[in-house]
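Trainee: Pasting the sequence and the predicted model now:
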Amino acid sequence: MIEQPALPRPTGETIAAIATPPGAGGVAVLRISGPKALEIGRALFRSSDPAFRDFAPRTLHFGKAVARDARVLDEVLAAFMPGPRSYTGEDVLEIHCHGGDAAPAALLDEILALGARMAGRGEFTLRAFLNGRMDLTQAEAVAELIAAPGKAALHLAQAKLAGGLGARVESLRQKLEGLRAQICLAVDFPEEDVECLPPDELLAVLDGVRSGVRGLLAGMERARAWREGVMVVLAGRVNAGKSSLLNALLGRERAIVTDRPGTTRDYIEEHLLLDGLRVRIIDTAGLRDESGVDEVEAAGMEISRDLAGRADLVVFVLDGSRTLDPSELETVSRLAPERTLAVLNKADRPAAPSDPLPLLREKGLETLRVSARTGAGLEEMAARIRSRCLAGAAEPDPDEAVPNARQAALLREADAELAGMRQDAEQGLPYDLLGVRLETACAALAGLTGEIAPQDVLNSIFDNFCIGK
């Protein structure tokens, strides 16, 4: 049997944190969870309602937060959610005060003095998981929802938070557990001539589960661009106008622009949102003959080539007002049309005597004329970047259960074990050997939902959360 590590249990301590981002704002929210939450609330809160006797569950109460020395800290709204019907499964008190830095900090100091301790990263959601309020896929969906770069990613995270992925994985695991039970019966009582599943039925169940696993993995690939965003690299010869294009797309002066070649020596990275698609756009050092450059610029050009090799799309920028030189022609011949958009910048200037468009199109490159200075063609350029990065894919179904990288790795592990088990079954291996692979596949699926969750796995997940969530 594969040893299943025991899940850590909640500590029984009461934790507290500011659940909203720091800085200026209209409202800040403080969250308290644990056995002392109600006691702390009673000590801190003074209702403005003379008839107030105690917190009514899941009701907003208006009043003042008062320190132990009777100082009024702020006017607040307070709500008490008794466990287990709360986010964490424990007693939870939330206090809404004025935003900014001073008021939330003063309230938090008082809450800590009244017996709570500062929450760690993701500790509220960790407690929700440990107390059975959500499985691990739902807990991870909380962080994915917060980090969602656009509406499509938001809807995908919401589907996971609602339990869509966990339910599908649990359904697949239960089918495998049924096989385990029958195989164990046949292994434990061979003298009773217990009939196991016929081979064709065994293989049919394996194939059905593998089909479900591969369907989940395919969904991840379809939704990758929406969940993670895409990387677009601006590449090309020095002084082609890459930095000017970056500034024009951003609508602000992000990169230094001069007529001097080699101004951009390192890459500059920014983010754009193109109709819901998050684009990581990178302006790279311009390419030119390395014989006349110093080692710093040469290193920058090497980084440019590396980034271009890893990009979802390379926007190769050329100066449309000048004829292509031999080095550019050589570079163009090496570009992969399926990953390249050729942009002729400086369309506001007179065109080059030898129009490069026919040559670029002959190489199979999609082309576009733009002007970073006047803005001509920029909207079309942004639209083409978006469509090329999505490769014509439709926006994902908001109800689709899409695994993240950790979950996909476990799905691949389960699929590999089931594929091996199928081969073993076809070769007539005994049931006890088939059971080893089956148990490993079940463990992988259980690790996905958190039924088997070593402490180091939980740490790696929840350490990426913000404090207060």
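Mentor: Yep, that arrived.

Trainee: contacts, neighbours, all on C-alpha from now
Mentor: Will do.

Trainee: Return the alpha-carbon coordinates of the host helix or strand of Val314 using CSV.
Mentor: Using DSSP states H and E, Val314 sits in strand 313-319. What follows is strand 313-319 as a C-alpha-only set of coordinates in CSV (Å, rounded to 0.1, in the frame of the first residue of the first chain):
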residue,chain,number,x,y,z
LEU,A,313,4.7,35.7,-31.1
VAL,A,314,7.6,37.7,-32.5
VAL,A,315,6.7,41.2,-33.8
PHE,A,316,9.7,41.8,-36.1
VAL,A,317,10.0,45.5,-36.6
LEU,A,318,11.6,47.0,-39.7
ASP,A,319,12.1,50.6,-40.7
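
Trainee: counting contacts, what elements does that strand pack onto?
Mentor: With contacts taken as 3 or more Cα pairs under 8 Å, 6 or more residues apart in numbering; DSSP states H and E, strand 313-319 sits against strand 230-236, strand 340-345, helix 378-390.

Trainee: could I get those as JSON lines with mean neighbour count?
Mentor: JSON lines is the format used below for the helices and strands packed on strand 313-319 (neighbours: other Cα atoms under 10 Å):
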{"stretch": "strand 230-236", "mean neighbour count": "25"}
{"stretch": "strand 340-345", "mean neighbour count": "24"}
{"stretch": "helix 378-390", "mean neighbour count": "17"}
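
Trainee: how about the ones you listed, which one is nearest Gln407?
Mentor: Among these, strand 230-236 comes nearest to Gln407, with 20.4 Å by Cα to Cα.

Trainee: quick revisit: turn the helices and strands packed on strand 313-319 into JSON lines, including distance to Ala441 and mean pLDDT.
Mentor: As requested, these are exported to JSON lines (distance: least, Cα to Cα, whole Å; pLDDT from 0 to 100):
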{"stretch": "strand 230-236", "distance to Ala441": "32", "mean pLDDT": "87"}
{"stretch": "strand 340-345", "distance to Ala441": "41", "mean pLDDT": "88"}
{"stretch": "helix 378-390", "distance to Ala441": "33", "mean pLDDT": "89"}
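
Trainee: out of these, nearest to Ile281?
Mentor: Closest among those, using Cα to Cα: strand 230-236, at 4.8 Å.

Trainee: next helix or strand past that closest one?
Mentor: In N-to-C order, the element after strand 230-236 by DSSP H and E is helix 242-250.

Trainee: now for that next one, which elements pack on it?
Mentor: For helix 242-250, the packing partners by 3+ Cα pairs under 8 Å, 6+ apart are strand 230-236, strand 277-283, helix 378-390.

Trainee: In it, which residues are buried?
Mentor: 242-249 (16 or more other Cα atoms under 10 Å).

Trainee: tell me which residues of the following helix or strand past it are tucked away?
Mentor: Remark: after helix 242-250, the chain's next helix or strand is strand 268-274, criterion DSSP H and E. Neighbour counts using 16+ other Cα under 10 Å place 268-269, 272 of strand 268-274 among the buried residues.
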